[in-house]
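Undergrad: what's the 3D shape of this:
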Amino acid sequence: MAQRMMGVLGPKPISLSEFKRLKEQLENKIENPDFDVKTLLEDWWDVPYYFDFDQDIECLPSIRDAAHLYVLLNYLLFGRSGTPFDRGKFYRQFFKNGTDKIKEFIASVAAGKPASLEDDVQVDVVMGSIYKIKKYFLENNRIKDIRGASAIIKYLNEEVTKKFLSCHFIEECALYCGGGNVLMVLPGGQGDKACRQLEKCFFTIALTAKVAFEYISCSLNELFSDYRKKIKDLHDRLEERKKIKVYPINPDSDLQEIVIDGKRINFAGVERLSSCGEVCRLCNVRDARYAVDTAEGKMPACPSCMRKNEVGRIEKAIFYEEYERIVGIPPKRDVASISDLKDNHGHVAVIYADGNNMGNVVMNIGNPLQNMYFSRKVDYITKRCVYNAIRKVMGDNARFEAIALGGDDVFIVVPGDVSLEIANEIINGFDQGFDHQITMSAGICIAKHTTPLQSMLQVAQSKLKSAKALARNWGMKCGTVDIEVIESNISIDLSRSRWALFPSDNSKLAKFIEIIKRMKATKGIKRSQLYKFRHAARELKPYEFQLFYAYQVARLSQEYKTFVEGIAEVFGVDPRRFNGLIEKNGTNKERPFLSPWEDIVVLWDCIGGGAGDAT
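TA: Numbers count the residues shown, from 1 in each chain. Next up, the predicted model:
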C-alpha cells in the first residue's frame, strides 16, 4: 500500500512513557473480575499498542485490536466445539508481561514481516452485506417508518450478528460489524452453515431487506500471508451471490416479537386483515395483511411495512441518541415529519455523501488489524463530522433526520437554508480527520418539503457522481460538492449543469458561503439588483451584458464593488479583469461564458447569515 495511506490504518504513535502509564492503568482495571474487558477496551481503540519498546513499526495496531486478535487466534487454535471458552482469561493473559508464540505472531503481522503459526488450522472467512439499503428505507416518505427501517438494519447488523456469534462461537470472531457490512473469521467447516443461518435470520426479521453472505476456506497462515487477495476473492464471491439471489414478492414469517436496545416490540398484537386483495398503502407494492395505526388512521400494510411501522413508533430515532452522546446536548426539536425540517421558504435538503477512493483503500488493506482499525475509524470520523457540523451551523436549534449514517455513508435531511454550510462543514471535518489523505464528496438536493424523498435522493445521487468525478479527474486534495435546487415540477436535466461554480471543491464553497453571508448581512446590498444581473445575463449577448454590467457597477455603492472582487476570486478570476461573466476554459462555443449571478440568486436562500431583502 502507498506509504501515505499508512497513517489512516493505525493510531498515531505516542511516547513509550505514555504507553507504559496507560498499560499499567489498564492492567489494574482488568484484574478486577467484575470488569467486562472487551467493553473496557472499546475506549482504547485509538491508542497504539507496542509489543516491544524497541520496535519500529510504521503502522501500529490499537490496544483494542491487538487484544481482540489475540483472543480470536487462541479461540481458533485451541477452542473446542461445545466447550465454554474463557475470553476474559485470554484478554488478561494478553496484557501480562512476557511473550508467547501468538503475541510474537501478531507483532510480526503488525510490522508487515513474514509470520506463521506452528499450530495452523483451517478457518472459514465470512463476509456479509445488507445492500440496496436506501430502497428499503425509502418505500414511503413517513419519518417513523424510515426510522423503523433504520433501527431494524442496525439491529440486524450489530445485535443479531453478535448474538449469533455469542451463541455459536465467540463475539471476537467478528472483525467488523457496521454500516450494513459484516466480516468474520470462524472455525473451519462452519462457513456455509453460518452464511445460510444468518441469511435466514436476517430475512425472518426484515423480510424485504436485501441480504447476502458468502465465505471462503483457507488456513490461518494462508489468510495472514495473503490477506489482501483472500479478502478480494471473498468480496468477488459475495458480489456473485448477490446477482443470483432471488427474493419472494410477498414475504412473511411467523416472528412474534423482537427486542431492540431492551425495548420489546410485539408484532403478534397487530391487527390482521380479515380479507385479502388489498395493496399495502405504505409501499404501494406488496399485498396488505395487517391494519396499522398512522396519523391518518388505520391503514392496510404488508408484513415488512408493518414491522417498520411498529419499530418506528416505539424506537426513538437512534441517531438523536448518538448526536446527544457526541455533542453533549440533544437536538432541540423532535422531528415527526419531513415538514418539521422545512426552512422559512418551505425547503428541505437531502445531503448524500461518501468518501473518495474508499474501495481502493479497503481492497489494499494488508491484515486484519488494519481492517478492524480502519473500519472503526471511518465510522467514528463520519458520525462526528456530521453531528459536529449540524451543531456548529444550527447551534441549539439543531433539527435533522439521519436516514443512513455508518461507515463512510452519509444520508441526512436538513433545512434547506443551512444545507450548504452543513455539507461544507461535514466535508471539512472528514478531510481533516484523515489529514486529507482521504476526502469526501457530497451531492445536495434542495426542494419543497412536499417533494418525495425518493426523488430528492435520486437527484442527490446524480450530484454526488459529478462531485466525485471532479475529485477523481482533477486529483483534488480536498472534498468536492455539487448541488441542485428543484424550483418547480418541471423536469430537470441532470446531465447539464446550470451553475458557474458547481461542481466545486470544498474550499471554493467555503469562500462562496462566506461572501453570500456577508452580502446578506450588509444593508446596502439589494437583492433586486442581483436579480437584475441574473436576468440581463440570461437575456443579453455576452458583450452586451458586459457593457450593461460595467455601467451598473459604476453607479452602485462601494459595497457592491467590494463583494464583486470577492466573487471574482471565488471563481478564479482576477478582480481587475472581472466583467460580470466567467469565461470557460475549453472549446464550448455554445456556452463560452457562465453567469455567477445564477448561483448567487438561486442559492441566496440556501445559506444563512441574514434575512436579506424580500423577493
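
Undergrad: Now stretch 501-518: average pLDDT?
TA: Stretch 501-518 carries an average pLDDT of 93.

Undergrad: go on, stretch 432-449?
TA: For stretch 432-449, the mean confidence score works out to 94.

Undergrad: Give the buried residues for that stretch.
TA: 433-434, 437-449 (16 or more other C-beta atoms under 10 Å). No exception for glycine: its C-beta is placed from N, CA and C like everyone else's.

Undergrad: Enumerate the positions of the top helix by length along the chain that are buried.
TA: Criterion DSSP state H: the longest helix present in the chain is helix 368-394. Going by neighbour count (16+ other C-beta under 10 Å), the buried part of helix 368-394 is 368-379, 381-391, 393-394.

Undergrad: ok, now stretch 84-101?
TA: Going by neighbour count (16+ other C-beta under 10 Å), the buried part of stretch 84-101 is Arg87, Phe90, Tyr91, Arg92, Gln93, Phe94, Phe95.

Undergrad: Just say helix, strand or coil for the second one.
TA: Okay, so that is Phe90. Put simply, Phe90 is helix when judged by DSSP: H, G, I helix; E, B strand; the rest coil.

Undergrad: For it, which residues are in contact?
TA: Counting by C-beta atoms under 8 Å, 6 or more residues apart in numbering, Phe90 makes contact with Tyr70, Val71, Asn74, Tyr75.

Undergrad: May I see these arranged in TSV, with pLDDT as well?
TA: Below are these laid out as TSV (pLDDT from 0 to 100):
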residue	pLDDT
Tyr70	97
Val71	97
Asn74	97
Tyr75	97
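
Undergrad: Most neighbours among those residues, please name it.
TA: Val71 (25 neighbours; other C-beta atoms under 10 Å).

Undergrad: That residue touches Phe94, doesn't it?
TA: Yes: if you go by C-beta atoms under 8 Å, Val71 and Phe94 touch, sitting 7.2 Å apart.

Undergrad: Setting aside sequence neighbours, what's the nearest residue to Phe169?
TA: Closest residue in space to Phe169, ignoring its immediate chain neighbours: Leu186 at 6.0 Å, by C-beta to C-beta, 6 or more residues apart in numbering.

Undergrad: what helix or strand does the one you found sit in?
TA: strand 181-187 (DSSP states H and E).

Undergrad: How far away from the center of its chain is that strand?
TA: 21 Å (C-alpha atoms, centre = their mean, to the nearest Å).

Undergrad: and if you look at stretch 509-525?
TA: 30 Å.

Undergrad: hey, C-alpha coordinates of it in PDB?
TA: Listed in PDB are the C-alpha atoms of stretch 509-525, where the atom choice follows Å, rounded to 0.1, in the frame of the first residue of the first chain:
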ATOM      1  CA  LEU A 509     -17.700  26.500  -1.500                       C
ATOM      2  CA  ALA A 510     -16.500  27.900   1.900                       C
ATOM      3  CA  LYS A 511     -15.500  31.200   0.300                       C
ATOM      4  CA  PHE A 512     -18.800  31.300  -1.600                       C
ATOM      5  CA  ILE A 513     -20.800  30.800   1.600                       C
ATOM      6  CA  GLU A 514     -18.800  33.500   3.400                       C
ATOM      7  CA  ILE A 515     -19.400  36.000   0.700                       C
ATOM      8  CA  ILE A 516     -23.100  35.300   0.500                       C
ATOM      9  CA  LYS A 517     -23.500  35.600   4.300                       C
ATOM     10  CA  ARG A 518     -21.700  38.900   4.300                       C
ATOM     11  CA  MET A 519     -23.800  40.200   1.400                       C
ATOM     12  CA  LYS A 520     -27.000  39.200   3.200                       C
ATOM     13  CA  ALA A 521     -25.800  41.000   6.400                       C
ATOM     14  CA  THR A 522     -24.900  44.200   4.500                       C
ATOM     15  CA  LYS A 523     -27.900  46.600   4.300                       C
ATOM     16  CA  GLY A 524     -26.600  48.300   1.200                       C
ATOM     17  CA  ILE A 525     -26.900  45.100  -0.900                       C
END
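
Undergrad: so which helix or strand takes in Val126?
TA: strand 122-131.

Undergrad: angle of that strand against helix 368-394?
TA: Calculated by axes from the mean of the first three to the mean of the last three C-alpha atoms, to 10 degrees, strand 122-131 forms an angle of 20 degrees with helix 368-394.

Undergrad: What strands flank strand 122-131, and is each parallel or antiparallel?
TA: When pairs are called by DSSP bridges, strand 122-131 turns out to pair with strand 181-187 (antiparallel), strand 210-219 (antiparallel).

Undergrad: Which one of the ones you listed lies nearest to Gly269?
TA: strand 210-219 (26.5 Å; C-beta to C-beta).

Undergrad: sorry, back to before: give me the sheet partners of the helix or strand following the longest helix of the chain and which way each runs.
TA: Sequence order places strand 401-406 as the next helix or strand after helix 368-394, per DSSP H and E. In the sheet containing strand 401-406, its partner strands are strand 409-415 (antiparallel), by DSSP bridges.

Undergrad: Tell me the first helix or strand C-terminal of the strand it pairs with.
TA: With DSSP H and E, the next secondary element past strand 409-415 is helix 419-433.

Undergrad: For the very next helix or strand once past that following helix, what is the distance to the chain centroid?
TA: Sequence-wise, the next helix or strand downstream of helix 419-433 (DSSP H and E) is strand 440-448. Strand 440-448 sits 14 Å away from the centroid of its parent chain (C-alpha atoms, centre = their mean).

Undergrad: Rounded mean pLDDT for the helix or strand following strand 440-448, please.
TA: Heading C-terminal from strand 440-448, the first helix or strand you meet, by DSSP H and E, is helix 453-474. For helix 453-474, the mean pLDDT works out to 93.

Undergrad: can you pull the buried residues of stretch 208-222?
TA: Neighbour-count burial for stretch 208-222 [16+ other C-beta under 10 Å]: 208-218, 220, 222.

Undergrad: okay if I get the residues you listed as a markdown table plus distance to Tyr131 and pLDDT?
TA: As requested, the buried residues of stretch 208-222 are exported to a markdown table (distance: C-beta to C-beta, whole Å; pLDDT from 0 to 100):
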| residue | distance to Tyr131 | pLDDT |
| --- | --- | --- |
| Thr208 | 13 | 97 |
| Ala209 | 9 | 96 |
| Lys210 | 5 | 97 |
| Val211 | 8 | 97 |
| Ala212 | 7 | 98 |
| Phe213 | 11 | 98 |
| Glu214 | 12 | 98 |
| Tyr215 | 17 | 98 |
| Ile216 | 19 | 98 |
| Ser217 | 24 | 98 |
| Cys218 | 25 | 97 |
| Leu220 | 29 | 97 |
| Glu222 | 28 | 97 |
